[in-house]
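Engineer: no sequence on this one, just coordinates:
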């Protein structure tokens, strides 16, 4: 199976978790954004999870939230940016 590397960046309120997440994921060559989100969630310790309202951008384009996003096909070297909410409401 061929793999590709995807860069992962976390910012916002969840930045403390950033050191617990991999800066890069290795995913199957045909992976989709849902695969990347699942791998990121799995990397968090102690059954923690990113907020469902956490914004998601791929290659600089906003594609939804952790809970509802376009399930794009990813490409080698793309960046998945997670922007955790910084305030309530």
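Structural biologist: Arrived safely, thanks for sending. From a predicted model like this one, the values you see are computed outputs, not experimental measurements.

Engineer: where do the helices sit along the chain?
Structural biologist: Per DSSP state H, the chain carries helices over the ranges 33-43.

Engineer: identify the residue nearest the geometric centre of it.
Structural biologist: In the chain, the centroid-proximal residue (Cα atoms, centre = their mean) is residue 37; its distance is 4.6 Å.

Engineer: identify the residues contacting it.
Structural biologist: 56, 66, 69, 80 (Cβ atoms under 8 Å, 6 or more residues apart in numbering). For glycine as for every other residue, the C-beta is placed from the backbone atoms N, C-alpha and C.

Engineer: ok, now which ones touch the second one?
Structural biologist: It refers to residue 66. Taking Cβ under 8 Å, 6+ apart, we find residue 66 in contact with 37, 41, 50, 51, 52, 53, 54, 56, 82.

Engineer: could you do the first one as well?
Structural biologist: Residues in contact with residue 56 (Cβ under 8 Å, 6+ apart) are 33, 37, 62, 63, 64, 65, 66, 69, 80, 81, 82, 83.

Engineer: ok, and the closest non-adjacent residue to it?
Structural biologist: residue 69 (5.0 Å; Cβ to Cβ, 6 or more residues apart in numbering).

Engineer: can you verify my assumption that that neighbour contacts residue 36?
Structural biologist: No: Residue 69 is beyond contact range of residue 36, at 10.1 Å (criterion: Cβ atoms under 8 Å).

Engineer: the two: who's more crowded?
Structural biologist: Using other Cβ atoms under 10 Å as the criterion, residue 69 and residue 36 rank with residue 36 on top: 21 against 18.

Engineer: many thanks, we can stop here.
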